[in-house]
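K.L.:
Return atomic coordinates for the entry below.
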Amino acid sequence: MKKEEIILQYLKESTDYLSGEELSRKLGISRSAIWKNINSLRESGYVIESVTNRGYRIVNSSDALTPTEIQGELKTNAFGQRVSVFAEIDSTNEEAKRQAHNGEIHGAVFVAEQQNGGKGRLGRPWKSPPKSGLWFSILLRPDAAPAQVSNLTLLAGLAVSRAIRTQTECDAMIKWPNDIVIGSKKVCGILTEMTAEIDRVHFAVVGIGVNVNDEEFPEELKVKATSLRLETGATVSRVALLQEILKEFEALYEEYFVQGSNQWLKAYKESCVSLNRTVGATRGLQKIIGTAVDITEGGELVVQKQDGERIEINSGEVVVQGIYGQTPEL
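P.N.:
Got it, this is the predicted structure:
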């Protein structure tokens, strides 16, 4: 066990301040080394108070994105049983794919404080500032055909919306297929990638980015982005939110892939803000405008045009009336 982890354990077990001298004696290292390890713990998100002539005391560990904290109260069988945390990385999706090729297990989770190469839908860059958001990916190895695995994005969206409601009581809804919104603004994006053959999937990676404790956004994003802190007026525990998302996602994954149930689809439709609204989309060279009336078992959005024709959309950009301040246009 690392010295840093031992110090953390001592601090958690103590009911009072622990002096640097006492920690130095327990670990057999200098007080300067103790101070360096304390600062490393602070950089990981632990709020540690220091008082002259008294020592150190943990005040808050709810925002410490470490494997120890994440797995501490985790209520899952597979999701998150292996956790890797990075201070900075190109993207958690890219790391998950690299480790998938190295044989990493189903349910492994990759978390980053900051991404410098994150991407969203259609390859757009996804800003991932440190200490405020929750940026992570889950490696999955479903025993299923690629067509079935395409619903992973929808399952993840339902899991995230449920977790946000549980943790914050915010009315989180889903904009088909991969955004979570509160009111008319985006709070979360989801990106699913997979490596597959015609009849089987080698692995899938679901990347999830949540704006958790952001207090402001650049001018160009203010009209369409929000955070849980802005919506609640309070700091939200990223650790607790991650644990809740993993729990909800695993339950839905088991329901869909193991039990073969489509009950989740009813719940998804009830949480989908795109339905019963005017939407605009592009399919190939065809521009479509109409009312979103349904979602199929395969995850396609069904749009009914003014002439009554129904068209199923399975990819591409969909503009929803009133969301992100947009208006569908032909």
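K.L.:
now the helix or strand containing residue 189: mean pLDDT?
P.N.:
Per DSSP states H and E, residue 189 falls inside strand 185-196. Across strand 185-196, pLDDT averages out at 94.
K.L.:
What strands flank the next helix or strand along the chain from it, and is each parallel or antiparallel?
P.N.:
Downstream of strand 185-196, the first helix or strand assigned by DSSP H and E is strand 201-210. If you go by DSSP bridges, strand 201-210 pairs up with strand 134-140 (antiparallel), strand 185-196 (antiparallel).
K.L.:
which regions of this structure sit below the pLDDT cut-off?
P.N.:
When residues are selected by pLDDT under 70, those of the chain lie in 62, 117-129, 329-330.
K.L.:
Helices along that one, start to end?
P.N.:
In the chain, the helices defined using DSSP state H lie at 3-13, 20-27, 31-43, 67-72, 92-101, 146-149, 152-168, 228-232, 238-253, 263-271.
K.L.:
Could I get these in TSV, plus columns for distance to residue 56 and mean neighbour count?
P.N.:
Just so you know, the C-beta spots here come from the backbone N, C-alpha and C atoms, and that holds for glycine as well. Formatted as TSV, these follow (distance: least, CB to CB, whole Å; neighbours: other CB atoms under 10 Å):
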stretch	distance to residue 56	mean neighbour count
helix 3-13	6	16
helix 20-27	7	15
helix 31-43	6	16
helix 67-72	17	18
helix 92-101	31	20
helix 146-149	48	16
helix 152-168	29	23
helix 228-232	27	19
helix 238-253	21	23
helix 263-271	44	15
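K.L.:
Relative to residue 78, which of those is closest?
P.N.:
Residue 78 sits nearest to helix 238-253 of all these, at 6.6 Å, using CB to CB.
K.L.:
Next, the buried residues of the strand holding residue 189.
P.N.:
185, 186, 187, 188, 189, 190, 191, 192, 193, 194 (16 or more other CB atoms under 10 Å).
K.L.:
ok, the third one - contacts?
P.N.:
So that's residue 187. Shown in contact with residue 187 (CB atoms under 8 Å, 6 or more residues apart in numbering): 164, 170, 172, 180, 181, 210, 211, 225, 226, 227, 228, 231.
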